[in-house]
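**Q** One predicted model, sequence on top.
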Amino acid sequence: KNRGIRAVNLWGYDQGWNEDIMVGGRYHNGNMGYLENYGPGNYLSLGGGEAPTGYVNYSDENKTYFSDIQGKVLPESVTQTPTNFSVSISPNESYWNNESSRIMFSHAYYDEAFLGKDNVLYKSNNASSFSPFYSFGSNAGAKLLWIDQCYSDHDVMYVQQRESSVSKLWKTTDAGANWSLMSLPLTQNNMVYSVGADANEVYLAFPNAAVSQRVWKTLDGGLTWTNITGNVLGSDKPWAIAYTLGTNGGVYVATSNGRVLYRNATMSDWVEYSAGLPVSTEALRLVPFYRDQKIRLASWNLGVWEAPLYEPTTMMVDFAASQRNFYCPGDAIHFVDHSVVPQGATYNWSFQGATPGTSTSKYPTVVYNNEGTFQVSLTVTFNGQSMTMTKEQYISDMPAYSGPIVEDFEDAIISSSWRYNHLGASGYNWSISGEGSAYGNGTYSMKFDNYWVDAQGGRDEIWLQKTDLDPIQQIALHFDVAYAQYGG
């Protein structure tokens, strides 16, 4: 019992989708990790300092990410030790409220990920090695903050940027190839937002705006905005906001002093939903957990709180593969359910061109034995209701690169077109190092750290992009390698 004593200051928070995983960076206490198998109240101390960090890949692989300790795969038992993996770069993070970016894992493919570093959006195709993807201007100080993606249209994403103490909101409708600046209802420094089920539905909260102008929504992509601040919120500052999929415009806001409010499209004002919250609860982040029909509030000073969703969600079906391409016939692709549905649903998959061609698993793995482009379909059934999602041209073989491969790593990244393999061998991957360079002509190289990592005969591979060698008359491989014996 706290008895009024503040405990567990969370400076970062994220959680799983199908699996009940919670992670977060804590003030002076390092990073925490929770998996439902551990039992109520049992968390792993993962190490680290006090970073405002913690991100969860929504697959079934228990992969979590931190800026100060890189990647951790949470074990199935609290008595086991997490395994490690490398992450090439971390996002913008801040100890100030609503001033951090995130690692966002795409709804389309769970190992496609985005993060904001300075003013640049980075992308990864393997959820480990990130490359610059899009630069929002040339001012590195105009940092990218929150990144979000539409659940029903994966080509639509939003990026918040702060420049000269003003928050901006960018939108793409073609998966990031082109971005346009949205018109916002107010000019403010601090802002939080959440994307609705429709690609043009966005909810904004301005904590420091005038009392009567703090919460807004648009249903047309920002062409027009509606003030939904209402009267119930009063003078409180909304520090967190979360749209709830499977509802008619259901949105939660949380304040800096122990209040959570809810409103949907049929309500004329917010309704109080704060029963049980201490008045000193300072909101960090609101996140729905659809599997258990809960809303969770991570706080700066009092840990994580949860309550049943104000109203149940209707079913929405989606799924994701690990990646969109396989290298060669005979390669396997893993799939996960990514639906908005309570626990207890059943699953029926159909895989064109794969073996097996059908599955009833929640997380199937199939093998593609031929080149081509293939359709995938999933039917989810819950409480007598069935719904199907079919994705055409969803999986295909990787096109072959025909030119020479030259890499000196002087961009300080491992190409996102390269792929890590055998992650389970030692836990760690190849990573960028500034300790040496190719032929001594630069700063960076690719390194596997056998000094700190005891691989014990394991094998950690890195696959280059698929290459067509047929047009090449003489094939040659040149590389520079160095190693040092333990102990000098």
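**A** Nice, I can see it.

**Q** Tally up the residues packed near the residue nearest to Leu378 when sequence neighbours are not counted, please.
**A** Closest residue to Leu378 apart from its sequence neighbours, by Cβ to Cβ, 6 or more residues apart in numbering: Phe319 at 4.7 Å. For the C-beta atoms, the positions are set from N, CA and C on the backbone; glycine is no exception. A count of nearby residues for Phe319, using other Cβ atoms under 10 Å, gives 24.

**Q** From the chain's centroid, how far away is stretch 400-419?
**A** In terms of Cα atoms, centre = their mean, to the nearest Å, the centre of stretch 400-419 is found 24 Å from the chain centre.

**Q** For that stretch, buried residues please.
**A** 409, 413-419 (16 or more other Cβ atoms under 10 Å).

**Q** what's the spacing between the residue lying closest to Pro312 once chain neighbours are set aside and Tyr243?
**A** Counting by Cβ to Cβ, 6+ apart, the nearest residue to Pro312 once its immediate chain neighbours are dropped is Gln293, at 6.0 Å. Between Gln293 and Tyr243 the computed distance is 16 Å (Cβ to Cβ, to the nearest Å).

**Q** what about those two, which has more around it?
**A** Neighbour comparison, Gln293 and Tyr243: the larger count goes to Tyr243, with 22 against 16 (by other Cβ under 10 Å).

**Q** Give me the distance between the more buried one and Asp148.
**A** When distance is defined by Cβ to Cβ, Tyr243 is 9 Å away from Asp148.

**Q** Give the residue spans of the stretch 1-150 of the chain that score low on pLDDT.
**A** 1-7 (pLDDT under 70).

**Q** Spell out, range by range, the helices that occur in it.
**A** Ranges of helices in the stretch 1-150 of the chain, per DSSP state H, counting those that start in this stretch: none exist.

**Q** contacting residues for the nearest residue to Leu10 once chain neighbours are set aside?
**A** Take Leu10 and drop its neighbours on the chain: the residue closest to it by Cβ to Cβ, 6+ apart is Gly24, 4.6 Å away. Under the criterion of Cβ atoms under 8 Å, 6 or more residues apart in numbering, the contact list for Gly24 reads 10-14, 31-32, 53-54, 298, 304.

**Q** Tell me the bridge partners for Gly24.
**A** Met32 (DSSP bridges).

**Q** Distance of it relative to Thr443?
**A** The span separating Gly24 from Thr443 equals 34 Å under the rule Cβ to Cβ.

**Q** What of Asn421?
**A** If you measure Asn421 against Thr443 using Cβ to Cβ, the figure is 27 Å.

**Q** do Asn9 as well
**A** Taken as Cβ to Cβ, the spacing of Asn9 relative to Thr443 amounts to 38 Å.

**Q** again with Tyr95
**A** Look at Tyr95 and Thr443: by Cβ to Cβ, they are 30 Å apart.

**Q** could you dump the buried residues of stretch 400-419 to JSON lines with secondary structure?
**A** As requested, the buried residues of stretch 400-419 are exported to JSON lines (DSSP: H, G, I helix; E, B strand; the rest coil):
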{"residue": "Phe409", "secondary structure": "coil"}
{"residue": "Ile413", "secondary structure": "coil"}
{"residue": "Ile414", "secondary structure": "coil"}
{"residue": "Ser415", "secondary structure": "coil"}
{"residue": "Ser416", "secondary structure": "coil"}
{"residue": "Ser417", "secondary structure": "coil"}
{"residue": "Trp418", "secondary structure": "coil"}
{"residue": "Arg419", "secondary structure": "strand"}
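
**Q** quick one: the strands in the stretch 101-250 of the chain?
**A** Secondary structure of the stretch 101-250 of the chain (DSSP state E, counting those that start in this stretch): strands located at 103-105, 113-117, 120-124, 131-135, 144-149, 157-163, 166-172, 180-181, 192-195, 202-205, 215-218, 226-227, 238-243.

**Q** Would you mark the buried spots in the first one?
**A** By neighbour count, and taking 16+ other Cβ under 10 Å as the criterion, the buried residues in strand 103-105 are 103-105.

**Q** now it, how far from the chain's geometric center?
**A** Relative to the mean C-alpha coordinate of its chain, strand 103-105 is positioned 2 Å out (Cα atoms, centre = their mean).

**Q** Please shift the residue numbers so they start at 43 in all later answers.
**A** Renumbered: residue one is now 43, and that last one reads strand 145-147.

**Q** quick check: longest strand of the protein.
**A** The single longest strand within the chain, with elements called by DSSP state E, is strand 427-439.

**Q** Against which helices or strands is the helix or strand that that one is followed by packed?
**A** Downstream of strand 427-439, the next assigned helix or strand under DSSP states H and E is strand 461-463. Here strand 461-463 is seen to pack against strand 503-505 when contacts are counted using 3 or more Cβ pairs under 8 Å, 6 or more residues apart in numbering; DSSP states H and E.

**Q** Phe156 is in contact with Asp190, isn't it?
**A** No. Taking Cβ atoms under 8 Å as the contact criterion, Phe156 and Asp190 are not neighbours in contact, 10.0 Å apart.

**Q** list residues touching both of these two?
**A** The overlap between the contact sets of Phe156 and Asp190 (Cβ under 8 Å, 6+ apart) consists of 146, 199.

**Q** Tell me which residue is most central in the protein.
**A** Centroid-nearest residue in the chain: Met146, 2.7 Å away (criterion: Cα atoms, centre = their mean).

**Q** who's that residue bridged to?
**A** Assessed by DSSP bridges, Met146 has beta-bridge partners Phe156.

**Q** Could you list which residues are in contact with it?
**A** Applying Cβ under 8 Å, 6+ apart, one finds that Met146 lies in contact with 155-157, 189-191.

**Q** The nearest residue to Met233 once chain neighbours are set aside and Ala480: what is the separation?
**A** Computed as Cβ to Cβ, 6+ apart, the closest residue to Met233 that is not its neighbour in sequence is Ser209, at 4.0 Å. Ser209 sits 42 Å away from Ala480, going by Cβ to Cβ.

**Q** buried ones in stretch 378-390?
**A** Under the neighbour-count criterion of 16+ other Cβ under 10 Å, stretch 378-390 has 378-383, 387, 389 buried.

**Q** Let's have the residues you listed in CSV, adding pLDDT.
**A** Rendered in CSV, the data for the buried residues of stretch 378-390 read as follows (pLDDT from 0 to 100):
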residue, pLDDT
Val378, 98
Asp379, 98
His380, 98
Ser381, 98
Val382, 98
Val383, 98
Ala387, 98
Tyr389, 98
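
**Q** just the residues you listed now: which is nearest Asn220?
**A** Top of the list for closeness to Asn220, among the buried residues of stretch 378-390 and by Cβ to Cβ, is His380 at 25.8 Å.

**Q** you'd agree the closest one is up against Asn99?
**A** No. His380 is beyond contact range of Asn99, at 11.5 Å (criterion: Cβ under 8 Å).

**Q** shared neighbours, those two?
**A** Applying Cβ under 8 Å, 6+ apart, one finds that His380 and Asn99 are jointly contacted by Tyr152.

**Q** Tell me what Val115 is bridged to.
**A** In this entry, Val115 is beta-bridged to Lys105, Thr125, by DSSP bridges.

**Q** Surely it touches Glu103?
**A** Yes. Assessed by Cβ under 8 Å, Val115 is found in contact with Glu103 at 6.8 Å.

**Q** what sits against Tyr151?
**A** Under the criterion of Cβ under 8 Å, 6+ apart, the contact list for Tyr151 reads 362-366.

**Q** who wins for neighbours among those?
**A** Neighbours here are counted as other Cβ under 10 Å. On that basis the top member of those is Ala362, with 24 neighbours.
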